[in-house]
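# sequence and predicted model, in that order:
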Amino acid sequence: MTTQTPTEHARTSAVSRTVPLRGGLLGAVGRRRLVVLAGRSLIFLGVLGGWQIASATDDSVRLALSDPQSVAGWIVSWLRGDEPSGIGALGHTLWAALVGGLLGVAAGIVLAVVITPLDKIRGLFTPLVTVLNAVPKIALAPLFVFLFGLGLTASVYYIAAAVVFIEYFGVSAGIRSVNPLLTQHVRLLGGGRWALAREVYLPTIVSWLFAGLRLCVTWAITSAVVIEYLGSTSGLGYVIASAQQISDVAAVIGGLIVVSAVAVVIDQVVVAVDRRALSWRDA
Amino acid sequence: MTEQGTGKRPAVGVEPAAGPAVPVMLDGDAVRIADLRMGYPTANGRDALVALEKTSLAIHPGEFVAVVGPSGCGKSTLLSAISGLRRPLEGDVWVNGDQVRGIRHDVGFVFQQDALLPWRKAVDNVALGLRLRGASRKDAGAEARRWLKRVGLAGFEDVYPHQLSGGMRKRVAVAATLVYGPSVLLMDEPFSALDIQTRNIMENDLLDIWSAYGHQSVVFVTHDLEEAIGLSDRVVVLTTGPGRIAAEFDIDLPRPRNLIDLKATRGFEALYAEIWSVLRDEVLKASNLS
Amino acid sequence: MTRAARRVVALGVPLIPIVGLLALWQWASSTGRIDSLMFSRPTDIWREVLDMEEAGELWPNLRSTVQLLLVGWVLATVIGISLGVLIGRSRLAGEIISPFLTFLNAAPRLLLLPLLLIILGFGPAPKIVLVVSVVVVVVIFNVAAGTREIPEAVVNHARLLGARRRHLFLLVYLPAIALWIGSTARVTVGYAFNGIVAAELIGANSGLGFLLTQGQATFRADTIFASLFIMAVLAVALDQTLAQLERRATRWMPRPA
């Protein structure tokens, strides 16, 4: 829709381009925003309310699912540091996820950059990678604990192993998807190998890197918590595991909520960065 | 409809201040539009962007009317009003005597984009209109095959749309639309995506099918003035948005026509120049705004 | 080279790196370069697989995993389609639910397992619920996207041809949804597989994950690797089957160049 300057408006027809819709005070858009907000609030409060009522009226529900206050109470006291592991647990988990994630992403990129251009070798490599990728990642966790013991090393290697495939496949596909017209274009402009790498391949790689990043982040955090749950003495996974052992449901749910909230926040940050940094991409 | 000499009808509905201008219409009009105003809600939700402003038009039975105008003049919106796909802000539309109050089933619509169901073969796509009206699979299939032959696609019945060229897909679309016998045919720049040679062939074939199999009342939207003149009995020029009818021109070129030799037809150049002088102004106005 | 020989070569070449890796592993383990108690050996692993089969452990556990996997996946797909269509068709519903879905998608659903074990005890129920929770969110997203991506011209064309709402669903929406389900099946089944194995790692007494934890509990590397091997074979078999199905189901689509 073009906005008309006053002079253009006078020059064109005497009839105005927009007319008021019969809509009421807020207009269609305002009303819609209200409905959406109302809908979301309804769902949120409904779930919370239902939970509260069920746990208050039915003992078995309260034993199994705890109630909103207890969970909230646990989260608050955990944030304050009353719980034995405290925020340090979160830090431990995120640190493992970060180190393992970076390692995996770096390895994935290096492998993709090295292997993809060499068609013959890629042909040899792909079936192996596909099979390795097919094994459920979760099953590798006990293996890594078995091999590297309980502790940060196992976590980091496991997370890296889970993440490396995502980036390898993503970047590899990206390199192969580079439009040959672009490379021809750069060559015709006089660009050599370095120019090609810088102007064509690098942006493509970065773009595909970010495309997989969201998945990597989620996997990294999940894997970190999971392997801690299976056999560690620190981190949020451990907190949840020990809570489960003493059937402290409020703590288990609280821990889950904390992990989910952190994962969501980081996910949204990645989305925002992705959108900003790569605005040249078509949606 | 076709009179001697180039007939320029007085512009209808141009002066809003002159009161509602309802054109003289016969009772048997195929399509009748009165004071139609069409619009789309703007981003703020409170206003509507007017696409079509106080337009009145009558299409006679069996008449082929082309609608031309600059981009954004509301040509396609006109078609969605007639078909019932969109409701007007103000004004009324009648098709075959009764008012349009929802999607019409006596109207056929050939869209600009690919509208065939991609997961159905050509024959199934053509048979669909009949099947939805209760025909048996056998009958619908037989009729579908007959229509595919008429549009020149015998042998391509069991082929999926993606395996056909753009022109062939449009032929299937025409067949799928005409198979259930609508009396009004709406076409929204159906050939604009095709190359010029294919386009001319398609235009000729359209005229053949139209005159041989139904002689429907047609409203054909296009931005190609040559195509409009070549196909139609009357050309309606819309102003730039909000669109109103700027002028109407009777096309009295003799039928049957051949669009490949159109330029050599006597009377064509004069018609083209006359209509273009009106259209050009509207196109310039439109480009000044953007 | 004859055609037959060429085909053998074509099939054999991809196996070279796998065989090579196995050979390297075998050599390193046998000569003590790596600790054979920790890393095991291909020959030992294979022997363990055969032992499992003899002891009647292999097939029942494999069957249990596959059954629960499929039940969970089908359930998740059905639920996902219903919600996905709702969100895809109604812009309003989509907007309302979107933050919840984003939360659920980013939240690691695998971690629900401890909670499910508390609520549902040990048995098939927590496993199925976990698989469903992992897969359903992905299906909802895919189905919603697939529904929204249907070109408006196709929908309008069908409506003008006379399609009422239920016709539209059968003729236009269902095929589009089926396409999305089919083309994402490999990914969603992969997630489901992950979910079921995760559920079998904790407090289960059947399934491939259970075999894995048994190996862990008895400090038997060969058992651990044998279970992983069986999982890998199952994964590849599932993947290939789904790839075939996908190819058959989308023969009406243009092949990417």
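Sure thing, it's come through.
# C-alpha from now on. contacts and neighbour counts both.
Noted.
# flag the shaky bits of chain B, pLDDT-wise.
Along chain B, the model assigns pLDDT under 70 to residues B:1-27, B:43-46, B:289-290.
# the stretch 51-200 of chain C now?
In the stretch 51-200 of chain C, no residues with pLDDT under 70.
# what are the phi and psi angles of the closest residue to chain A within it?
For the stretch 51-200 of chain C and chain A, the shortest gap (Cα to the nearest Cα) falls at C:A107, measuring 4.3 Å. Main-chain dihedrals, C:A107, degrees, to the nearest 10: phi -70, psi 130.
# contact partners for it?
A:T218, A:V259, A:S260, A:A261, A:A263, A:V264 (Cα atoms under 8 Å, 6 or more residues apart in numbering or on different chains).
# rerun at 6 Å
Contact partners of C:A107, counting by Cα atoms under 6 Å, 6 or more residues apart in numbering or on different chains, are A:S260.
# list the contacts for C:T250?
By Cα under 6 Å, 6+ apart, the contact list for C:T250 is empty.
# and the pLDDT for A:L230?
Listed pLDDT for A:L230 reads 84.
# skipping adjacent residues, who's closest to it in space?
A:P142 (7.3 Å; Cα to Cα, 6 or more residues apart in numbering or on different chains).
# and A:N133, by the same measure?
Using Cα to Cα, 6+ apart, the closest residue to A:N133 is A:F165 (6.7 Å).
# tell me if A:A154 really is in a strand.
No - counting by DSSP: H, G, I helix; E, B strand; the rest coil, A:A154 is located in no strand; its state is helix.
# okay, now it: neighbour count?
Residue crowding around A:A154 was assessed by other Cα atoms under 10 Å in any protein chain shown; the count is 26.
# how about the nearest residue to it, chain neighbours excluded?
A:F148 (5.1 Å).
# quick check: phi and psi on that neighbour?
phi -120, psi 10.
# report how many residues lie close to the residue in chain A that chain B sits nearest to.
Chain A approaches chain B most closely through A:P20 (4.1 Å), counting by Cα to the nearest Cα. Neighbourhood size, A:P20 [other Cα under 10 Å]: 14.
# in terms of contact, does it touch B:L49 like I think?
No - using Cα atoms under 6 Å, A:P20 is not in contact with B:L49, being 8.9 Å away.
# let me know the secondary structure of A:A195.
helix.
# one more: C:F219?
coil.
# where does the residue nearest to it when sequence neighbours are not counted land on pLDDT?
The shortest distance from C:F219 to any non-neighbouring residue, by Cα to Cα, 6+ apart, is to A:F146 (8.0 Å). Per-residue pLDDT puts A:F146 at 86.
# phi, psi of the residue nearest to A:L230?
phi -60, psi -30.
# the residue in chain A positioned nearest to chain C - nearest residue in space that isn't next to it in sequence?
The minimum distance from chain A to chain C, using Cα to the nearest Cα, falls at A:S260 (4.3 Å). Nearest non-adjacent residue to A:S260, counting by Cα to Cα, 6+ apart: C:A107, 4.3 Å away.
# check the gap between the one you found and chain B for me.
34 Å (Cα to the nearest Cα, to the nearest Å).
# related to what we said a few turns ago, what is the neighbour count of the closest residue to the residue of chain A closest to chain B other than its chain neighbours?
Once flanking residues are discounted, A:P20 sits nearest to B:D47: 4.1 Å by Cα to Cα, 6+ apart. Using other Cα under 10 Å, B:D47 has 20 neighbouring residues.
# could you report the pLDDT at the residue nearest to A:L230?
Reported pLDDT for A:P142: 88.
# show me where the stretch 1-150 of chain A has helices.
Ranges of helices within the stretch 1-150 of chain A are A:6-11, A:27-57, A:59-65, A:68-80, A:86-115, A:119-134, A:137-148, based on DSSP state H, counting those that start in this stretch.
# near chain C at all, stretch A:33-53?
Yes - Stretch A:33-53 reaches chain C (Cα under 6 Å from any Cα of the partner chain) through A:V36, A:G39, A:R40.
# still on that earlier bit, for the residue of chain A closest to chain C, give its distance to C:F100.
12 Å (Cα to Cα, to the nearest Å).
# and these two? Which one has more around it.
With neighbours defined as other Cα under 10 Å, A:S260 and C:F100 compare such that A:S260 has more, 23 against 13.
# residues near the residue nearest to C:F219, how many?
21.
# distance check, it against C:A221.
For A:F146, the distance to C:A221 - Cα to Cα - is 8 Å.
# could you do C:V131 as well?
27 Å.
# the host helix or strand of C:P99 vs helix A:27-57, what angle?
According to DSSP states H and E, C:P99 maps onto helix C:91-106. Compare the direction of helix C:91-106 with that of helix A:27-57 by axes from the mean of the first three to the mean of the last three Cα atoms, to 10 degrees and you get 50 degrees.
# could you say what helices and strands helix C:91-106 packs with?
helix A:27-57, helix A:249-277 (3 or more Cα pairs under 6 Å, 6 or more residues apart in numbering or on different chains; DSSP states H and E).
# and if we set it to 10 Å?
Secondary-structure packing of helix C:91-106 (3 or more Cα pairs under 10 Å, 6 or more residues apart in numbering or on different chains; DSSP states H and E): helix A:27-57, helix A:202-231, helix A:249-277, helix C:58-89, helix C:124-148.
# mind listing what's buried in it?
C:L92, C:A93, C:G94, C:E95, C:I96, C:L101, C:F103, C:L104, C:N105, C:A106 (16 or more other Cα atoms under 10 Å in any protein chain shown).
# repeat for stretch C:116-131
C:L116, C:L117, C:I118, C:I119, C:F122, C:P124, C:P126, C:K127, C:I128, C:V129, C:L130, C:V131.
# isn't the fifth one up against C:I128?
To tie it back to what came earlier, the one meant is C:F122. No - counting by Cα atoms under 10 Å, C:F122 does not reach C:I128; the two are 11.3 Å apart.
# any shared contact partners between the two?
C:A199 (Cα atoms under 10 Å, 6 or more residues apart in numbering or on different chains).
# for the residue nearest the centre of chain B, which three-state class applies?
Centroid-nearest residue in chain B: B:F220, 2.3 Å away (criterion: Cα atoms, centre = their mean). Secondary structure, three-state DSSP: B:F220 is strand.
# what of the one 3 residues further on?
Reducing the assignment to helix, strand or coil with three-state DSSP, the entry for B:H223 is coil.
# surely it and B:S192 touch.
Yes - counting by Cα under 10 Å, B:H223 does reach B:S192; the two are 8.3 Å apart.
# between the two, who's got more neighbours?
B:H223 (18 against 14).
# got a list of what the more buried one touches?
B:A66, B:V67, B:V68, B:G69, B:P70, B:S71, B:K75, B:D188, B:E189, B:S192, B:L279.
# in ChimeraX, how would I select the buried members of these?
Restricted to buried positions by 16+ other Cα under 10 Å, the ChimeraX selection for the contacts of B:H223 reads:
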select /B:66,67,68,69,70,71,75,188,189,279
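# restricted to helices, list the contacts of B:H223.
Residues from these lying in helices, with DSSP state H as the criterion: B:K75, B:L279.
# turn the contacts of B:H223 into TSV, including distance to chain C.
Conversion of the contacts of B:H223 to TSV gives the following (distance: Cα to the nearest Cα, whole Å):
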residue	distance to chain C
B:A66	21
B:V67	20
B:V68	21
B:G69	22
B:P70	22
B:S71	19
B:K75	16
B:D188	11
B:E189	13
B:S192	16
B:L279	28
